[in-house]
Structure formats: structure tokens, C-alpha cells
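**Student:** Provided below for reference: sequence and predicted model.
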Amino acid sequence: MSYNRFSLGRLLSTASMVGSLAASLSLVTVTAQSASAQVYAGGATTPSLVYQYWFDELGGVYNYASVGSSAGIRSFLDTTTTGGALDPATLPGDPDTYNNQGFSNSDGTVAMAASSPPPGLYPYPRVDIGAIDTNLSSFQIGTVYPGSIGTRRSLVQVPTVASPVNIAYNRTGLNTAGNPGGVLRLNRQAYCGIFSGRIRNWNNSTITTSNRGTQVSTNLPIVVVRRSDGSGTTENLTTHLDAVCTPLNDWTIGFGTTVAWPASFLSASGNSGVVSLTTSTSGAGRITYVSPSFVAPIVSGGLPSARLETQYALTSGVDQYVGPTITNTANALLDVTLPANPTPTDYGTLSYQMLRPTMSNAYPIIGVTYILLYGDYSGAPGVSTLIKDFVNYYTTAGTTACTLAGVQGFACFSEAIRAQIRTTVSAITP
């Protein structure tokens, strides 16, 4: 496979650790009439490696800039980026909104890119697809987008895949050898306390209880590494924490692509940045949150991820802790549904349906990654056909899409939901 068409910045170094995938023929191919067109997409870092493989299967006409969800949203909503789409440095400031819903940092400044500007075609002449690790809010869909609609008609928001938010940690100085798989176990009170900043040492009794009465360390400070850039992964994690930790009186900082984390937390930009800082030689006791593409087992020798107490365990009174595997992620999707003829807001509810996945062995912290599309691509000949080719590819049973996503730790939605996505996107014009 060749990746020279992809603007992935520093993520290219991560891709070398992922391992090779067998080449296979897709059941969906790029149509001849669109062969001269190019699709410019970008935003979220979490699914970037999945999109890399998908776009490569479809040919060299798809370009992706991994610059973070906030930049993806802002570029998509902005009509003035023809000279530098997806480049946060060139975007005008948007007003901060309720819970910082993807427009800017909490102080109103422009959210910075999660990786260095990639080479080649970047910055792009326009943005055709915005990629985000969270859904647009009803406020953004109903108020902000219509104000910048121009000739692009109604907004289309559809999901691609679901991803666990891995709670990855540096095992140096921690004793978890007696646990299944030798990995750290965290009950809900433990991970709520860690990410709120209330639990600050690995000898805390709540962590000991999680690990079957074994103290994982006699005296080792917990150092949380969080994202410094506007991040959909941050929003997925904090939305879950806001829902499940607030009733425990252990969460007061809300949710969003950026939040007011405790001052003691370390920070780094992008998935690769937080992994690098957590892995560092002085990283004993460090813990972070990250996409599955950047840690073990996807990355050989990478950071391990904790097993978390499930919602099923809490409601059924059983001892059930699960890791962020593809099977446990798929379990979280089993009870999600959509109404007939779903709207962009309806698709957005998928994220909220999975705040407390109730099925047995369902991993508790799940995020949905979405793509944002315009209703009309008349100004870019051939692009709408290429976009439909892409959506048909990842939603059609029998293609390589779900297999390639699974290799990266992501799960596809049910065939019923994928059929609804195809129907929605088929209405795009021309």
C-alpha cells in the first residue's frame, strides 16, 4: 500500500509500528467519471489511521489532514478558508459556545492543530469532509451552520465507526501481575477520582479494591497526561465522566473538546503526543486517555490499557472488568438504534446512547467518530460521486472496511444503521 497521498504529519511515524495489512480488492471502486477529482478531508486524529487504510483502498484521490477535531469542525463551518482549509492558524476566531462545543479553546483562542502541518497539498484549497470524534450539537446544526450555509445546502452528519477511549498507563512501578492479563483494573470510583484529580496516589484504597485487594504501589504519585489541543477524544471521555461521575460528586468541570483540567496534569498535543509523554523514561505512574491505534496491542510493545468496571457490573452486582477490545466495543453497540429517516441530530444521539452501555462485557467509554458533509457539491465537480463511493464502501457488507477498522481497534455499526447512512448520503447533490 502507498500512503504518499495522505497528509498525516507526525502520524506517519506511528503507522510504521502498526504492521502491514494484506492488500485486497474492494467491492466498491472509484467511478471513472470522478477520476480527475480530488477529495479534501481532515480533522480528528483518532480515526486517521483507519481513514488512511480506507482511502488507500479506494485510490489516490482522497487527501486527509490529521489536525484535530476542533480544526475539522471549524474549517467545515467556515466559508472563508479557501486559501488554507483545515489550517487553524488561518481561521478566524469563532465565539466560544456552551461547554466549548468544538469551536475554540476554553479561553476563546483558536484551537491548535494536533500535529505539524503535513507536506504536499496542504493547506488544502477547500474542505469537502470534516472529520470529528464527537457529534455536532443541535445548537451548531440549527444555529451556526445555517448562518454559513451559502450554496452548500443542508448539513449531513453521519457516523463512520465507534472507538473505545483507552485508559493507557505506564506500568513502571505498578504491581498488577496478579490480575487477569496482568493489567490494571479500575472501578468507576477509581477512574472518576483519577481524572477529577481527587485520587493522586496509586496506594489509594479505591484502586486497591479495584485490584482485588492488592495494593498496586505503596507510594507512587498518579500523574495524568491530558490533551492540550481541542480534541474529540477529550470530549468523548469527559462526556462519559460528566454523566457517570457527577452523581458520585466526583466531577465538576463539565465536558467538551477542551476542559479546565486540574493544574497538576501534564499536557501534550494529539494522541501521539500524550502517548510519548506517558511513555517517557520519567513516566512511572503516568496515565492518559487515547485512541486504540496508538497503544498495545495495535502498537507492538505499546502502553497497556486498563480494564474498567462495566455498567452491567454496577447494575447486576457482578465482578466484571473489561478492556477496550474490538469485541467489547462491539458489545456496546448492540442496543443502539435510530429512527426511520434519521436527521443529523438523530445521528448525533448515538454518542449519548453509549454513555452507559448496558450489555454484558460492553466497554464503558465509547466514542463515535463522524464525518460532516455538505448537501450540495456543485462547486466541486465529481466530488459528490467520490464521497458517495467512500460512504458506500465503509457501509457495505463484504468490503474490506470493517476488517481494516477492526485491525485498528474500531467497531462498525450494525448493517441496519449502515444502510440508513447510505440512504442519507445518497441524497447529496449533484
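**Tutor:** That came through, no problem.
**Student:** From now on I want contacts and neighbour counts done on CA atoms only, so please keep to that.
**Tutor:** OK.
**Student:** my read: Thr233 touches Asn166, true?
**Tutor:** No: using CA atoms under 8 Å, Thr233 is not in contact with Asn166; the gap is 9.7 Å.
**Student:** between those two, which one's more packed in?
**Tutor:** Thr233 (34 against 28; other CA atoms under 10 Å).
**Student:** Can you verify the more buried one is assigned to a helix?
**Tutor:** Yes: counting by DSSP: H, G, I helix; E, B strand; the rest coil, Thr233 is located in a helix.
**Student:** residue contacts, it?
**Tutor:** For Thr233, the contacting residues are Thr46, Asp133, Thr134, Val165, Thr257, Tyr289, Val290, Ser291, Gly367, by CA atoms under 8 Å, 6 or more residues apart in numbering.
**Student:** For Ser217, the count of nearby residues, please.
**Tutor:** 18.
**Student:** Relative to Thr278, how far out is Asp346?
**Tutor:** 37 Å (CA to CA, to the nearest Å).
**Student:** Show me which of the two is the more surrounded one.
**Tutor:** Set Asp346 next to Thr278 and count neighbours by other CA under 10 Å: Thr278 wins out with 28 against 16.
**Student:** which neighbours do Thr233 and Asn166 share?
**Tutor:** Tyr289, Val290, Ser291.
**Student:** which is the next helix or strand following the helix-or-strand element of the chain with minimal mean pLDDT?
**Tutor:** Among the helices and strands of the chain, helix 11-18 carries the lowest confidence by mean pLDDT, DSSP states H and E, at a mean of 28. Using DSSP states H and E, the next helix or strand after helix 11-18 towards the C-terminus is strand 39-43.
**Student:** mind checking how far that following strand is from the chain centre?
**Tutor:** Counting by CA atoms, centre = their mean, to the nearest Å, strand 39-43 is centred 15 Å from the centre of its parent chain.
**Student:** Does anything pack onto it? Which helices or strands?
**Tutor:** strand 62-66, helix 69-77, strand 129-132, helix 383-395 (3 or more CA pairs under 8 Å, 6 or more residues apart in numbering; DSSP states H and E).
**Student:** Run through the strands of this protein in chain order.
**Tutor:** Assigned strands in the chain, in chain order: 39-43, 62-66, 129-132, 156-164, 166-169, 185-186, 223-227, 266-268, 286-290, 307-309, 321-322, 366-373 (criterion: DSSP state E).
**Student:** and Cys192, which of those is closest to it?
**Tutor:** strand 185-186 (9.3 Å; CA to CA).
**Student:** quick one: average confidence on that closest one?
**Tutor:** For strand 185-186, mean pLDDT is 98.
**Student:** Kindly report the same for stretch 270-286.
**Tutor:** According to the model, stretch 270-286 has a mean pLDDT of 94.
**Student:** Tell me the gap between that stretch and the middle of its chain.
**Tutor:** Going by CA atoms, centre = their mean, the spacing between the C-alpha centre of stretch 270-286 and its chain's C-alpha centre is 19 Å.
**Student:** Use 524 as the first number from now on
**Tutor:** Renumbered: residue one is now 524, and that last one reads stretch 793-809.
**Student:** Check which residues of it are buried.
**Tutor:** For stretch 793-809, the neighbour count (16 or more other CA atoms under 10 Å) marks 793-798, 800-802, 806-809 as buried.
**Student:** Stretch 938-949 too?
**Tutor:** Ile940, Arg941, Gln943, Ile944, Arg945, Thr947, Val948, Ser949.
**Student:** same check, this time on stretch 777-792
**Tutor:** Buried residues in stretch 777-792 (16+ other CA under 10 Å): Gly777, Phe778, Gly779, Thr780, Thr781, Val782, Trp784, Phe788, Leu789, Ser790, Ala791, Ser792.
**Student:** Switch these over to CSV; also include distance to Ala766.
**Tutor:** Formatted as CSV, the buried residues of stretch 777-792 follow (distance: CA to CA, whole Å):
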residue, distance to Ala766
Gly777, 9
Phe778, 9
Gly779, 13
Thr780, 16
Thr781, 17
Val782, 15
Trp784, 17
Phe788, 22
Leu789, 24
Ser790, 24
Ala791, 25
Ser792, 25
